[in-house]
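Colleague: attaching a predicted model along with its sequence, questions to come.
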Amino acid sequence: MKLRVRAVPNAKRSEVVGWEEDPQAGRVLRVKIAAPPTEGKANAALRDFLAKALGVSKSQVRLEKGDTSRFKTFEVPDGVEIR
């Protein structure tokens, strides 16, 4: 299943803000990440955070698109829900 995320790096703490409609990307899950957006740190932290929130292993959450963008597409297992 594809999961569209809007990442907000350099937050005070990592948290799921919620679903929102974005004029550019459509329906996205907004997630604040406490890591800086340098050298892939925010992407790795976002992947780890999503895996924990979904209750799956880190290897089951794969960044598909958006390596350098705030809007990212992750491939996650079918049928999982954000906790």
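Modeller: Noted; the coordinates are in hand. Residues are numbered from 1 along each chain as shown.
Colleague: can you count the residues close to residue 49?
Modeller: A total of 21 residues lie near residue 49 under the criterion other Cβ atoms under 10 Å. All C-beta spots, glycine's among them, are computed from the backbone N, C-alpha and C.
Colleague: quick one: contacts for residue 63?
Modeller: Applying Cβ atoms under 8 Å, 6 or more residues apart in numbering to residue 63 gives the contacts 43, 47, 72-74.
Colleague: quick check: bridge partners of it?
Modeller: residue 74 (DSSP bridges).
Colleague: now do it, the pLDDT please.
Modeller: Looking at residue 63, its pLDDT is 97.
Colleague: packing partners for the helix or strand residue 19 falls within?
Modeller: Remark: residue 19 resides in strand 15-22, with elements defined by DSSP states H and E. Packing partners of strand 15-22 (3 or more Cβ pairs under 8 Å, 6 or more residues apart in numbering; DSSP states H and E): strand 2-8, strand 26-32.
Colleague: again, only using 7 Å
Modeller: Helices and strands touching strand 15-22, by 3 or more Cβ pairs under 7 Å, 6 or more residues apart in numbering; DSSP states H and E, are strand 26-32.
Colleague: give me the sheet partners of the strand it packs on and which way each runs.
Modeller: By DSSP bridges, strand 26-32 pairs with strand 2-8 (parallel), strand 15-22 (antiparallel).
Colleague: next up, the contacts around residue 27.
Modeller: 4, 19, 21 (Cβ atoms under 7 Å, 6 or more residues apart in numbering).
Colleague: tally of neighbours for the residue lying closest to the second one once chain neighbours are set aside?
Modeller: Translated: residue 19. Ranked by Cβ to Cβ, 6 or more residues apart in numbering and with sequence neighbours excluded, the top spatial neighbour of residue 19 is residue 29, at 5.8 Å. The local packing of residue 29 (other Cβ under 10 Å) involves 19 other residues.
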